[in-house]
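Visitor: Need a 3D model of the sequence below.
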Amino acid sequence: MLSQLRDLDLQLLRLFVTVVECGGFSAAQGELGIGQSTISTQMAKLETRLGFRLCERGKAGFRLTPKGEQVLNATRKLFSAIDTFKGEAQGMADTLLGELRIGLSEGLAASVLEQVAEAIRQFRARKQQVQIELITAMPAELERRLLQDQLHLAIGYFSGNQSALTYQPLFRERQVLYCAHGHPLYGRQHISPSDLQQADRVHHPYRFVQAREPLQGTASSAQTEQVDGALAFILSGQHIGYLPEHIAAPWHSSGRLWPIEPESLAFEVPFHLTSHRGQHPSDAQKAFADDLRRAFHPG
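Guide: As a prediction, this is how the structure comes out:
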């Protein structure tokens, strides 16, 4: 009785199908490359494994038994299923599968979004069947999600003090100090340190970046953790504050915002591609990270 299917059983079943398709033991010798006695021995082994006769052979010729007919049909279905499995398995070996959850900092420049889009284009050109989810949030929230394995990768400017995360530099963003039309510092080319210290300043949206800011120690009655909030405070004409240069650009062009001492008070913030150090990256994650690096650092 055949209770388990082994490699030897598959070999015997293939021999059986070949014998049937050739019309008998003698005719199958050339196809199988073995003698008739060996074929007969192998067939006997298969019948012993199954527990019944598959064929009648003798002077009357080769003929399948009713059970042999059923085994032949079942064997052909089995080999067809095996071929399908091999094809699908090979396809999976060459195809990126699964899902990717990518975090992006809010308020990214258009040029940065174009580079992210280029990375997506490169990734989609690969042989892949991957569901991609893009999530926009503040850097602290992106770090939290990375630490909780809710994200695979994130792009942003981060604290850099999470030992469980890896940080790979991607690009830099320029931050400029601004005031708005109606503020006492608006339009002034040279501003004294005392005037700056007296100005009511908006705390930078991402507090851990404050240490990088050239302007330190000023008073503040305005606080926000989002770029839009900082922009609203500054546009009121009552506060000064740092903004990403690309966010302020249309307001600067229209005359609503004024850059304060940009040569000495502007600074750059590094953006990183970040992932969880303890997370084993999938092939899809590694491929997408490679495409991101190429998009931001071509050549």
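Visitor: Quick one: mean pLDDT over whatever helix or strand Ala295 lives in.
Guide: Here Ala295, judged by DSSP states H and E, is contained in helix 283-296. Averaging pLDDT along helix 283-296 gives 95.
Visitor: Mind listing what's buried along that helix?
Guide: Residues of helix 283-296 classed as buried: 284-285, 287-289, 291-292, 295-296 (neighbour count, 16 or more other CB atoms under 10 Å). All C-beta spots, glycine's among them, are computed from the backbone N, C-alpha and C.
Visitor: didn't Pro244 look like it was pressed against Leu177?
Guide: No - using CB atoms under 8 Å, Pro244 makes no contact with Leu177, being 11.8 Å away.
Visitor: can you give me the helices for the stretch 151-299 of the chain?
Guide: Under the criterion DSSP state H, counting those that start in this stretch, the stretch 151-299 of the chain contains helices at 193-198, 227-235, 245-253, 262-265, 283-296.
Visitor: a markdown table for the ones you listed, including distance to Arg126?
Guide: Shown next, in a markdown table, are the helices of the stretch 151-299 of the chain (distance: least, CB to CB, whole Å):
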| stretch | distance to Arg126 |
| --- | --- |
| helix 193-198 | 51 |
| helix 227-235 | 34 |
| helix 245-253 | 30 |
| helix 262-265 | 42 |
| helix 283-296 | 6 |
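Visitor: Indicate which one of the ones you listed is closest to Arg101.
Guide: With CB to CB, the closest approach to Arg101 among those belongs to helix 283-296: 9.7 Å.
Visitor: By mean pLDDT, point me to the weakest helix or strand of this structure.
Guide: helix 66-93 (a mean of 83; mean pLDDT, DSSP states H and E).
Visitor: which of Pro244 and Leu177 has more neighbours?
Guide: More crowded of Pro244 and Leu177, by other CB atoms under 10 Å: Leu177, with 27 against 21.
Visitor: Surely the more buried one touches Gly241?
Guide: Yes - applying CB under 8 Å as the test, Leu177 and Gly241 come out as touching, 7.1 Å apart.
Visitor: ok so Gly103 is a strand residue?
Guide: Yes - judged by DSSP: H, G, I helix; E, B strand; the rest coil, Gly103 forms part of a strand.
Visitor: show me where the stretch 51-200 of the chain has strands.
Guide: For the stretch 51-200 of the chain, the strands defined by DSSP state E, counting those that start in this stretch cover 55-56, 63-64, 96-105, 128-137, 153-156, 165-180.
Visitor: Can you lay out those as a markdown table showing distance to Ile34 and mean pLDDT?
Guide: Below are those laid out as a markdown table (distance: least, CB to CB, whole Å; pLDDT from 0 to 100):
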| stretch | distance to Ile34 | mean pLDDT |
| --- | --- | --- |
| strand 55-56 | 17 | 88 |
| strand 63-64 | 21 | 90 |
| strand 96-105 | 42 | 94 |
| strand 128-137 | 44 | 94 |
| strand 153-156 | 57 | 96 |
| strand 165-180 | 59 | 94 |
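Visitor: winner for burial among the ones you listed?
Guide: The highest average neighbour count among these, using mean count of other CB atoms under 10 Å, belongs to strand 153-156 at a mean of 24.
Visitor: and it, how far out from the chain's middle?
Guide: 11 Å (CA atoms, centre = their mean, to the nearest Å).
Visitor: May I have that strand as CSV, with CA atoms only?
Guide: Below are the C-alpha coordinates for strand 153-156, written out as CSV (Å, rounded to 0.1, in the frame of the first residue of the first chain):
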residue,chain,number,x,y,z
LEU,A,153,11.8,52.2,5.4
ALA,A,154,11.4,55.9,6.1
ILE,A,155,12.8,59.1,4.6
GLY,A,156,13.2,62.1,6.9
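Visitor: and stretch 130-149, how far apart are its ends?
Guide: Its first and final residues considered, stretch 130-149 spans 18 Å by CA to CA, to the nearest Å.
Visitor: And Ile120, how close does it get to Val17?
Guide: 48 Å (CB to CB, to the nearest Å).
Visitor: Check Thr38 too.
Guide: Separation of Thr38 from Val17 (CB to CB): 17 Å.
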